[in-house]
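Asker: Sequence first, then the predicted structure, then my questions.
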Amino acid sequence: MNKTKLIFSITTSILALMYLGGGSRYFLEFQEMSDIFTTLQFPRWLHPLLGVTKFMAVISLLTILFNVKANPNRLKEWTYAGIFFNGTLALIAHLMIGEPFELYVPAIMVIVFVIISRISWGKLNNATNL
């Protein structure tokens, strides 16, 4: 396995696990997450919707990781874009209310991992399309 493939596999797997854990938390700790959303000044109805979209992102990330041809590249690109925007907006939301650093580290990690995963996926795609 070459270096790019290894980096892609590791970052995409970590990202999928982070989103699986985050999505699960939205439902297993429903009231706590609802309270967090209120603190962030988001509507309470938004958190179950984001929980579902995190599970959808995990499914799409797995299709990217295992190179499932049924998932078109356009959907894969939207998956990366959605995760990037979700991480960026989460980081901004936590910064806006002045939370301590350790509470927005996961958002920073998501942003870093999605960028690395997307770049390495692009390199692997270009190598196979030559």
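Answerer: Yep, it's here. Numbering: from 1, shown residues only.
Asker: lowest-pLDDT helix or strand in this structure?
Answerer: Using mean pLDDT, DSSP states H and E, helix 30-39 stands out as the lowest-scoring helix or strand of the chain, at a mean of 88.
Asker: So which elements touch it?
Answerer: helix 46-65 (3 or more Cβ pairs under 8 Å, 6 or more residues apart in numbering; DSSP states H and E). Placement of C-beta: from N, CA and C, glycine included.
Asker: angle of the longest helix anywhere in the chain against helix 46-65?
Answerer: Identified as the longest helix of the chain according to DSSP state H is helix 101-129. Per axes from the mean of the first three to the mean of the last three Cα atoms, to 10 degrees, the angle that helix 101-129 makes with helix 46-65 is 30 degrees.
Asker: which strands and helices sit next to helix 101-129?
Answerer: Judged by 3+ Cβ pairs under 8 Å, 6+ apart, helix 101-129 is in contact with helix 3-28, helix 73-96.
Asker: What are the buried residues along the first one?
Answerer: What it means is helix 3-28. Judged by neighbour count (16 or more other Cβ atoms under 10 Å), helix 3-28 contains these buried residues: 7-9, 11-12, 15-16, 18-20, 22-23, 25-26.
Asker: Show the contacting residues for the residue nearest to Leu95 when sequence neighbours are not counted.
Answerer: Nearest residue to Leu95 in three dimensions, chain neighbours excluded: Tyr104, at 6.5 Å (Cβ to Cβ, 6 or more residues apart in numbering). By Cβ atoms under 8 Å, 6 or more residues apart in numbering, the contact set of Tyr104 is 90-91, 94-95.
Asker: ok, so of those residues, who is nearest Ile111?
Answerer: Leu91 (6.7 Å; Cβ to Cβ).
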